[in-house]
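Undergrad: 3D, please:
(chains A and B)
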Amino acid sequence: AQKVTQAQTEISVVEKEDVTLDCVYETRDTTYYLFWYKQPPSGELVFLIRRNSFDEQNEISGRYSWNFQKSTSSFNFTITASQVVDSAVYFCALSGTTGGGNKLTFGTGTQLKVEL
Amino acid sequence: EPEVTQTPSHQVTQMGQEVILRCVPISNHLYFYWYRQILGQKVEFLVSFYNNEISEKSEIFDDQFSVERPDGSNFTLKIRSTKLEDSAMYFCASRPDRQTYEQYFGPGTRLTVT
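TA: Numbers count the residues shown, from 1 in each chain, chains lettered A, B, ... in the order given. The predicted structure follows:
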């Protein structure tokens, strides 16, 4: 069984602060994929990043960075110099390689509020 | 940039009625999915579809639900007899091929059952 835990329900920061969203996962698959999706107030789900279980290299994209640590089963997401437009719900998700459909198992999401 | 589209954006129906939610996945994508999100909760997997058949379904996807790809572009989710607890946002997603694991989501259909 797969499980994704996002312990932070809601985080509030002031603009320009750095913020880290935590994600811990469980899976029995030896090969798996991790994702972050953003859900702005308009409701759509926007794909941000995918990480393969066999690639622990961290990634940076502009103000976004991701830290994947297999030893602690964590895939954390950091936003540097946050902006009001970053306000959204962020979901961490996991896809295994068994089960046939490669479904996404989502965490409960972290509501990020960035205030002026 | 190609995107997944869904219609309608909002559907209101009475309990016991049948509804069909429509999706047009990204052209040339091979894998299709339906998820739902009850208000304020996490996104839950319903069903995956590949090569004109269901490849996996969750326990939520009972006999009241069905999916179909009636032509080369549409992918539909039918709920035969809606219940109050079916009220949710329903997302369609598609994925290009076997080697690509990220799924691209449509904007969702908000289903309200009264």
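Undergrad: going forward, measure contacts between C-alpha atoms and count neighbours the same way
TA: Will do.
Undergrad: just so I have it, where are all the strands in chain B?
TA: Here chain B has its strands, by DSSP state E, at B:5-7, B:10-13, B:19-24, B:31-37, B:43-50, B:53-57, B:65-68, B:75-79, B:88-95, B:104-105, B:109-113.
Undergrad: Tell me how far the helix or strand of chain A with the lowest mean pLDDT lies from the chain's centre.
TA: Ranking every helix and strand in chain A by mean pLDDT, DSSP states H and E puts strand A:59-61 at the bottom, with a mean of 85. In this view, strand A:59-61 has its centroid 13 Å away from the chain centroid, taken as C-alpha atoms, centre = their mean, to the nearest Å.
Undergrad: Output the contacting helices and strands for it.
TA: With contacts taken as 3 or more C-alpha pairs under 8 Å, 6 or more residues apart in numbering or on different chains; DSSP states H and E, strand A:59-61 sits against strand A:64-69.
Undergrad: Would you mind listing what in chain A touches chain B?
TA: A:33, A:35, A:43-47, A:50, A:95, A:99-109 (C-alpha under 8 Å from any C-alpha of the partner chain).
Undergrad: Out of the residues you listed, which sit inside strands?
TA: A:Tyr33, A:Phe35, A:Val46, A:Phe47, A:Arg50, A:Ser95, A:Thr105, A:Phe106.
Undergrad: Closest one of those residues to A:Ile11?
TA: Nearest to A:Ile11 among those: A:Phe106, at 18.5 Å, using C-alpha to C-alpha.
Undergrad: just to revisit the earlier point, just the buried ones from the residues of chain A next to chain B?
TA: A:33, A:35, A:44-47, A:50, A:95, A:101-109 (16 or more other C-alpha atoms under 10 Å in any protein chain shown).
Undergrad: Stretch A:63-82: end-to-end distance?
TA: 8 Å (C-alpha to C-alpha, to the nearest Å).
Undergrad: tell me which residues in it are buried?
TA: Buried residues in stretch A:63-82 (16+ other C-alpha under 10 Å): A:64-69, A:74-80, A:82.
Undergrad: What's the local residue count around A:Val19?
TA: 19 (other C-alpha atoms under 10 Å in any protein chain shown).
Undergrad: ok, it - contacts?
TA: By C-alpha atoms under 8 Å, 6 or more residues apart in numbering or on different chains, the contact set of A:Val19 is A:Val13, A:Thr78, A:Ile79, A:Thr80, A:Ser82.
Undergrad: Using TSV, lay out these together with distance to B:Leu30 and secondary structure.
TA: Output for those, formatted as TSV (distance: C-alpha to C-alpha, whole Å; DSSP: H, G, I helix; E, B strand; the rest coil):
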residue	distance to B:Leu30	secondary structure
A:Val13	40	strand
A:Thr78	32	strand
A:Ile79	33	strand
A:Thr80	36	coil
A:Ser82	36	coil
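Undergrad: Farthest pair within the residues you listed?
TA: Farthest-apart pair in these is A:Val13 and A:Thr78; separation 12.7 Å (C-alpha to C-alpha).
Undergrad: residue contacts, A:Lys113?
TA: A:Glu10, A:Ile11, A:Ser12, A:Val13, A:Val84, A:Asp86, A:Ser87, A:Ala88.
Undergrad: are any of those buried, and which?
TA: Among those, those buried by neighbour count (16+ other C-alpha under 10 Å) are A:Val13, A:Asp86, A:Ser87, A:Ala88.
Undergrad: Pretty sure the second one sits against A:Gln111.
TA: No: here A:Asp86 lies out of contact with A:Gln111, judged by C-alpha atoms under 8 Å, at a distance of 10.3 Å.
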